[in-house]
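Q: how does the following fold in three dimensions:
(chains A, B, C and D)
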Number of protein chains: 2
Amino acid sequence: MADDDEDLWPPFFLSGGQSAQEQRVQHRMQHLREHGKRPPGRAGSLSRDEIVRTALAVADAEGPHAISMRRIARELNAGTMSLYWYVSSKEELLDLMLDALYGELAETEITGDLRADLRTMAVSQRDMLRRHRWVMPFMAGRPPVGPKSLRNIERSLGIFAAAGLTGETVMTALMSILTYVLGAVGREQQEERSQQDQERAQQRLGLSRDEMGNIYWEFLQQVMASGRYPNFTEMIKLGVDPDARETMDERFEFGLDCLLDGIMARLGPPAPAQ
Amino acid sequence: MADDDEDLWPPFFLSGGQSAQEQRVQHRMQHLREHGKRPPGRAGSLSRDEIVRTALAVADAEGPHAISMRRIARELNAGTMSLYWYVSSKEELLDLMLDALYGELAETEITGDLRADLRTMAVSQRDMLRRHRWVMPFMAGRPPVGPKSLRNIERSLGIFAAAGLTGETVMTALMSILTYVLGAVGREQQEERSQQDQERAQQRLGLSRDEMGNIYWEFLQQVMASGRYPNFTEMIKLGVDPDARETMDERFEFGLDCLLDGIMARLGPPAPAQ
DNA sequence: CCCACCGCTCGTACGTCGTACGGTAGCAGT
DNA sequence: ACTGCTACCGTACGACGTACGAGCGGTGGG
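A: Below you'll find the model as predicted:
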């Protein structure tokens, strides 16, 4: 979690700009170097890093709803407004959280087998995002800027480079894969919510799991009986659940392999130069 | 916008359950059929449909922030709480809005050329989602249930059926494409936000567009100078912008074509039976 | 014709959120 | 001891979603 990257955040991209702290610290440090002295003032008991870490913990444990400044501050036994010394806004905190996620990506070895390496990259990114059931609503509409995600892009480009590939097409191909992964996680989390809805309704109506199944089955009967959805009907008859939980992995890999097929065909043969 | 589908909503999936109205109306209608009479009470000046429509209009015009019950009610010259007669919660309204979007998908003709048809399906879905810059944060974590999206799935399955294909693999392939489209729109909207951030920062700091460019360029210089990102550096030198707005369409189509390559290879040859 | 009822509208109020503002506590230097 | 800065936080404001229940204006039955 500690930033061994020297914090190469892009300028002005952080939603709220630099935090008050950031500005002072930078200015102060320079002053200290010159005079060889220690800074005055109280020693900070909080830290940006700790805030981000607990924010992630809370989010992981309680979902997106729980990500509120008050909740996080409570977890830290701190006043709500104390957080604002380290982050300039909730938006900035979210940016930091998102970037921190990229820090936990396993840095698997690059074997040089382009297709295999890309595949494991995609899989591990998906796994990472799946571990955090809250990310999607925030991910959408939040550009992946920050040192950790930059590092991640660098690594991904390295996979291509190890196979002797560079150039614009490489970037395009990489983006395609990331796009697919993003979409896949999005769909999975949709599915998760769908299940949660179902369970909540079950409790609200005080029904057993069987009764619930019956009601759902009746709905499907209606859909089929309406005659408006012949193709869908056939799928149901074949026992294909459009949202089957168990087949999620298979489906992800199916699409990924299709995508990789196309990418390899377009990148492999014509050699590095594009 | 009017539901010519006979409103086949899945049971209990609507977040808040049926609205108060829905329950009464159903009960009332039955009573009326029996006695051949008209319902008493004031005629409603609002309607679910109208609410959803204005909600969409507001969202399109002012972005996700503006989607609030108060704002929508104001637009309708109605009291905030009046909306709750037609929708049981904001969540339900969002579900309705999302489903309504699928209603505006152009129903292009199915030519029987599988690959071409899938391609236009994907493109038109992307276009639809792109027209609504606010959708992604809500789309994520919101399963696509409802008559309009069901209709859409039906149509998509029809594309495969027209080429003589059915079975589980078809569903898997279809989902892969939808997944990719979802991800692509997600990434595009990330990009959009990134630009907005930049502009806001520009105004906040009172800089000209050129100064902004310089600052960004300095940042890139730092990244390159750090030596930690050789592959990324090379990309920059090649003039490849990882977030280039103009190449968005190309990139979308590149990935889509790759995906379709793989899908066609897996579906086409071995004939319908799977 | 009036009344009771019901479909519908909405004002008020509560608890939540992000965060602006200003105050205060503790430590470093003089 | 005093000054000044860093770090912390209590209070308050304006948004939000929405529970509650009062009120309004049609309609059918008497």
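Q: in chain A, which spans are strands?
A: Applying DSSP state E to chain A gives no strands.
Q: scan it for its longest helix.
A: helix A:168-205 (DSSP state H).
Q: how long is stretch A:102-117 end to end?
A: Start-to-end span of stretch A:102-117 (Cα to Cα, to the nearest Å) is 18 Å.
Q: what of stretch A:152-172?
A: 16 Å.
Q: which positions in that stretch come out as buried?
A: A:152-161, A:163, A:165-172 (16 or more other Cβ atoms under 10 Å in any protein chain shown). Where C-beta positions appear, they are placed from N, C-alpha and C, glycine not excepted.
Q: which residues touch it?
A: A:102, A:105, A:107, A:110, A:112-114, A:117-118, A:121, A:173-174, A:178, A:266-267, A:271-274, B:228-232, B:234-235, B:238, B:240, B:242, B:247, B:250-251, B:254-255 (Cβ atoms under 8 Å, 6 or more residues apart in numbering or on different chains).
Q: average pLDDT across that stretch?
A: Averaging pLDDT along stretch A:152-172 gives 95.
Q: again with stretch A:42-53
A: pLDDT averaged over stretch A:42-53 gives 90.
Q: how near is A:R209 to A:R193?
A: 19 Å (Cβ to Cβ, to the nearest Å).
Q: so the two - more neighbours on which side?
A: A:R193 (17 against 10; other Cβ atoms under 10 Å in any protein chain shown).
Q: I'd assumed B:G141 was in contact with that one.
A: Yes - counting by Cβ atoms under 8 Å, A:R193 touches B:G141, with 5.0 Å between them.
Q: what about the residue of the stretch 101-250 of chain A at minimum distance from DNA strand C, neighbour count?
A: Going by Cβ to the nearest atom of the strand, DNA strand C is nearest to A:F138 of the stretch 101-250 of chain A, at 11.5 Å. Neighbourhood size, A:F138 [other Cβ under 10 Å]: 20.
Q: residues contacting the closest residue to A:D261 other than its chain neighbours?
A: Leaving aside its sequence neighbours, A:D261 sits nearest to B:G262 (Cβ to Cβ, 6 or more residues apart in numbering or on different chains; 3.6 Å). Applying Cβ under 8 Å, 6+ apart, we find B:G262 in contact with A:257-262.
Q: what's the answer for A:W9, then?
A: Contacts of A:W9 by Cβ under 8 Å, 6+ apart are A:145-147.
Q: can you read off the pLDDT for the residue nearest the centre of chain A?
A: Nearest to the geometric centre of chain A sits A:L129, at 4.2 Å (Cα atoms, centre = their mean). Looking at A:L129, its pLDDT reads 95.
Q: does A:R133 really touch A:E191, like I thought?
A: No - using Cβ under 8 Å, A:R133 is not in contact with A:E191, being 11.3 Å away.
Q: re the thing from before, for B:M136, see how far away the spatially closest residue to the residue nearest to the centre of chain A that is not a sequence neighbour is.
A: Nearest residue to A:L129 in three dimensions, chain neighbours excluded: A:V185, at 4.3 Å (Cβ to Cβ, 6+ apart). As for A:V185, its distance to B:M136 is 13 Å (criterion: Cβ to Cβ).
Q: same deal with A:I236?
A: 30 Å.
Q: who are the neighbours in contact with A:D113?
A: A:D113 neighbours (Cβ under 8 Å, 6+ apart): A:A163.
Q: and the closest residue to A:Q125 other than its chain neighbours, how many neighbours?
A: Take A:Q125 and drop its neighbours on the chain: the residue closest to it by Cβ to Cβ, 6+ apart is A:V181, 5.1 Å away. Neighbourhood size, A:V181 [other Cβ under 10 Å]: 25.
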